[in-house]
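**Student:** one predicted model, sequence on top.
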Amino acid sequence: MRIKPIRLLPAVGITIIVLLSGACSSADSGESVAPAAVGQEEMIKLPEADTFGTVSGAPTDPRVDVGAVAGKVFHPKREMIVYAGVGGTPIARLPALQMGSPTWTPVVAEQGDWVEVLLPTRPNSAAGWVHAEAGSFETARNEFAINVDRARFTLEITENGKSIGKWTIGTGKPEHPTPAGRAYIIASIAETKNTYSPIVLPLSYHSDSLETFGGGPGTVGLHTWPNDSFAGKASSDGCIRVPRDALDQLVKVPLGTIVDIT
């Protein structure tokens, strides 16, 4: 999938959830741990935690077996440092914007004034810890989740644990399979070059078989197709093809929504 920054679409889903500014609630009542100091020169050398980046030494999703669940999502108001652990080594820079959309990422753990979030980089399932200073971020409660079953060729959207729609989809061909795991929606892009889908929803996961595709970094996405020939078939290069009515519902869910691919 070719990736390029495009204007933010008006109804990406952030407007349908309440934003909460301030410090994160602590899941650990212990003393606060200060982050390691990072100078400007050192910070510039850190990889950017976006779909084009690779973050070496990143921890993996600690809740990978939980599946698609509703929960807290995190938005940095400015570029923030990502650490390997609470008070640990700096490993990346988390930008405030991802491909023209505001960065919203699922929170998978909390400790004091630190939060562990999923990253949209290679390797798949990468996570990292951010020191959440008051005023530097927003959080929100996301009630949506998405389940993709590659064997049954289905995609289901749930809200508060209840199904609000289920569709037959297409997935990656055997030589370029859709990767399994807990991805999430990182942006909403209006497609201006290709005609197969008016909107593409790139995910945090990347192809395991393609380092690049169409000039982009091999990002897996959700999108429609010109006809229904994809339904119930493994025929794409890794992206998930959905019916138009499914896309109409998918663009309404918030950024940061977990997409569990099994």
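**Tutor:** That came through, no problem. Residues are numbered from 1 along each chain as shown.
**Student:** report all helices and strands that the helix or strand harbouring Val117 contacts.
**Tutor:** Using DSSP states H and E, Val117 falls within strand 114-118. Strand 114-118 sits against strand 105-111, strand 127-131, with contacts defined as 3 or more CB pairs under 8 Å, 6 or more residues apart in numbering; DSSP states H and E. Any C-beta I mention is one placed from the backbone N, CA and C, and that applies to glycine too.
**Student:** for the first one, name the packing helices and strands.
**Tutor:** Spelled out, that is strand 105-111. strand 71-76, strand 114-118.
**Student:** who touches the first one?
**Tutor:** If you take CB atoms under 8 Å, 6 or more residues apart in numbering as the criterion, strand 71-76 is touched by 19, 94-96, 102-107, 115, 117, 130, 132, 136-142, 254-256, 258.
**Student:** drop anything exposed from the residues you listed.
**Tutor:** Those of the contacts of strand 71-76 that meet the buried threshold are 94-95, 102-107, 115, 117, 130, 132, 136-140, 142, 254-256, 258, by 16 or more other CB atoms under 10 Å.
**Student:** which regions of the chain sit below the pLDDT cut-off?
**Tutor:** Along the chain, segments meeting pLDDT under 70 span 1-31.
**Student:** tell me which element the residue positioned nearest the centre of it is part of?
**Tutor:** Nearest residue to the geometric centre of the chain (CA atoms, centre = their mean): Tyr184, 3.2 Å. Tyr184 belongs to strand 181-184 when assigned by DSSP H and E.
**Student:** note down every partner strand of whichever helix or strand comes after that strand and its orientation.
**Tutor:** Per DSSP H and E, the first helix or strand lying C-terminal to strand 181-184 is strand 189-190. Counting by DSSP bridges, the strands paired with strand 189-190 are strand 199-206 (antiparallel).
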